[in-house]
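>>> Model the following, please.
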Amino acid sequence: MRIAVVVAVIWLLIGALAAAQRDYFQNAEASCAEAGNVAITVVAGPLNYVGVNPRIKCKVPQPSS
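Numbers count the residues shown, from 1 in each chain. Just a heads-up that it's a prediction; the model follows:
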């Protein structure tokens, strides 16, 4: 059980590193698409280093005028 926790923490740290390298934490704009990209990159972090590029398409409704 401890090994699984250690592996999960290391996995997420590598994912956070991948998101930081893509400057996802530097962008001041907050949107559904941006949050989705950050979350998927953190979860799929180590996969980024073998060529997988996770992206999420998110359509946000525009405010009515």
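>>> use CA for all of it now, contacts and neighbours both
Fine.
>>> Who are the contact partners of I10?
Listed by C-alpha atoms under 8 Å, 6 or more residues apart in numbering, I10 has no contact partners.
>>> That one and P63: what is the separation?
Distance of I10 to P63, given as C-alpha to C-alpha, to the nearest Å: 40 Å.
>>> got it, and W11?
38 Å.
>>> again, but for L47
Noted for L47: a distance of 36 Å to P63, by C-alpha to C-alpha.
>>> When those two are compared, which one has more neighbours?
L47 (17 against 5; other C-alpha atoms under 10 Å).
>>> Does anything pack onto whichever strand or helix holds the more buried one? Which helices or strands?
Secondary structure from DSSP states H and E places L47 in helix 45-48. Under the contact criterion of 3 or more C-alpha pairs under 8 Å, 6 or more residues apart in numbering; DSSP states H and E, helix 45-48 touches helix 2-21.
>>> The helix it packs on: which residues count as buried?
Residues of helix 2-21 classed as buried: W11, L12, L13, I14, G15, A16, L17, A18, A19 (neighbour count, 16 or more other C-alpha atoms under 10 Å).
>>> Can I get the least confident helix or strand in the chain by mean pLDDT as CSV, trimmed to CA atoms?
Counting by mean pLDDT, DSSP states H and E, the weakest-scoring helix or strand in the chain turns out to be helix 45-48, with a mean of 75. Coordinates of each C-alpha in helix 45-48 appear next as CSV, following Å, rounded to 0.1, in the frame of the first residue of the first chain:
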residue,chain,number,x,y,z
GLY,A,45,2.2,13.8,-16.5
PRO,A,46,4.8,11.1,-17.2
LEU,A,47,3.0,10.2,-20.4
ASN,A,48,4.0,13.7,-21.7
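>>> Pull the residues that contact that helix.
Residues from elsewhere that reach helix 45-48, judged by C-alpha under 8 Å, 6+ apart: W11, L12, I14, G15, A16, L17, A18, A19, T41, N53, P54.
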